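Peer 1: fold the following.
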Amino acid sequence: MIIINNLTKAFGAFKAVDSLTIEVKRGEFYGFLGPNGAGKTTTIKMMTGLYAPSSGKIIIDQFDIQKQPVEAKMSIGYIPDQPFLYEKLTGREFLFFSAGLYKMDHLLTSQRIKELIDLFEIGSWIDQRTENYSQGMRQRIVIAASLLHNPKVLIIDEPMVGLDPRSAHIVKQTLKQQSHNGVTIFMSTHSLHVAEELCDRVGIIKDGRLIFEDSTQALSLLKDGSDGRIESVFLELTK
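Peer 2: Now for the predicted structure:
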């Protein structure tokens, strides 16, 4: 479902992403880890068509993101690291606006919005303007918007930013269920424990290059062989 082949992004002489190759299968939950400045967000912006690669190829649901951007993006649900909303719209209006981008039927949209309001427990403030939302409220609306069109692929950059424990629990359970339903998930996160809890496989990037890729079970074995802390394994791999 996701093929990243020899992907490179250079800004002048600096290579933010350098010859990156990753393949994620249908229904797989892939965790993308790395220190600040490693190239995680740059990779995600190329996957979603926000940046053009300097070289290499990205295939999403059999569509080349550069050659067939509209078709590829129709398969994607994107959750950025900073939720962007049109602040004069209510949460409900923003969801209807988002559905319009995917040319969704109005009746289907209404039903999906009702389901997502219940799922994310946002009914008490869905009809308030988003300019009044907390960071956690904004994040829940953006996540709901990404799921409206039942995407085949979810691309996520730090989904737990600003979420209280209850919201984080809802989001984690939702992402797990999406993966179990066959949705392919590519998630960048700084939270090692979230990656360990949710992901089937993880890749660690440093200085734009993939330095580790294996199952979360393999990562756990490395952890158990050190001091029992996943942070220690991560620090050792990225030092």
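Peer 1: CA atoms for contacts and neighbours, from now on please.
Peer 2: Will do.
Peer 1: helix, strand, or coil at I205?
Peer 2: Under the three-state scheme (DSSP: H, G, I helix; E, B strand; the rest coil), I205 adopts strand.
Peer 1: tell me how many other residues surround it.
Peer 2: Applying other C-alpha atoms under 10 Å, we find 24 residues neighbouring I205.
Peer 1: and F212, by the same measure?
Peer 2: Counted with other C-alpha under 10 Å, F212 comes out at 15.
Peer 1: kindly report the same for K103.
Peer 2: When neighbours are counted by other C-alpha under 10 Å, K103 registers 12.
Peer 1: before we move on, what about the one 10 residues further on?
Peer 2: Neighbourhood size, I113 [other C-alpha under 10 Å]: 20.
Peer 1: where does the protein have low pLDDT?
Peer 2: Low-confidence segments of the chain, defined by pLDDT under 70: 221-230.
Peer 1: now do the helices in it.
Peer 2: For the chain, the helices defined by DSSP state H occupy 40-47, 69-74, 91-101, 106-120, 135-147, 165-180, 192-198, 216-224, 230-238.
Peer 1: how near is L107 to F96?
Peer 2: Going from L107 to F96 by C-alpha to C-alpha, to the nearest Å gives 11 Å.
Peer 1: the two - which one has more neighbours?
Peer 2: More crowded of L107 and F96, by other C-alpha under 10 Å: F96, with 18 against 9.
Peer 1: touching, I143 and I79? I think so.
Peer 2: Yes: using C-alpha atoms under 8 Å, I143 is in contact with I79, at 6.1 Å.
Peer 1: contacts only, for the residue minimising distance to the centre of the chain.
Peer 2: In the chain, the residue lying closest to the centroid (C-alpha atoms, centre = their mean) is I156, at 0.8 Å. Contacts for I156 were tallied using C-alpha atoms under 8 Å, 6 or more residues apart in numbering; they are I44, Y78, I79, P80, D81, I185, F186, M187, S188.
Peer 1: now list the buried members of these.
Peer 2: Listed as buried from the contacts of I156 are I44, Y78, I79, P80, D81, I185, F186, M187, S188; burial here means 16 or more other C-alpha atoms under 10 Å.
Peer 1: would you point out the most distant pair within the residues you listed?
Peer 2: The most widely separated members of the buried ones among the contacts of I156, counting by C-alpha to C-alpha, are D81 and I185 (15.2 Å).
Peer 1: before we move on, the earlier item: can you list the buried ones among the contacts of I156 in JSON lines and add distance to Q68?
Peer 2: Listed next are the buried ones among the contacts of I156 as JSON lines, based on distance: C-alpha to C-alpha, whole Å:
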{"residue": "I44", "distance to Q68": "17"}
{"residue": "Y78", "distance to Q68": "17"}
{"residue": "I79", "distance to Q68": "21"}
{"residue": "P80", "distance to Q68": "21"}
{"residue": "D81", "distance to Q68": "25"}
{"residue": "I185", "distance to Q68": "20"}
{"residue": "F186", "distance to Q68": "20"}
{"residue": "M187", "distance to Q68": "23"}
{"residue": "S188", "distance to Q68": "24"}
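Peer 1: now, the residues you listed that are in strands?
Peer 2: Within these, residues falling in strands by DSSP state E are Y78, I79, I185, F186, M187, S188.
Peer 1: ok, now which ones touch the nearest residue to L95 once chain neighbours are set aside?
Peer 2: Taking C-alpha to C-alpha, 6 or more residues apart in numbering, and ignoring the residues beside it in sequence, L95 has A145 as its nearest neighbour in space, at 5.6 Å. By C-alpha under 8 Å, 6+ apart, A145 lies in contact with L95, S98, A99.
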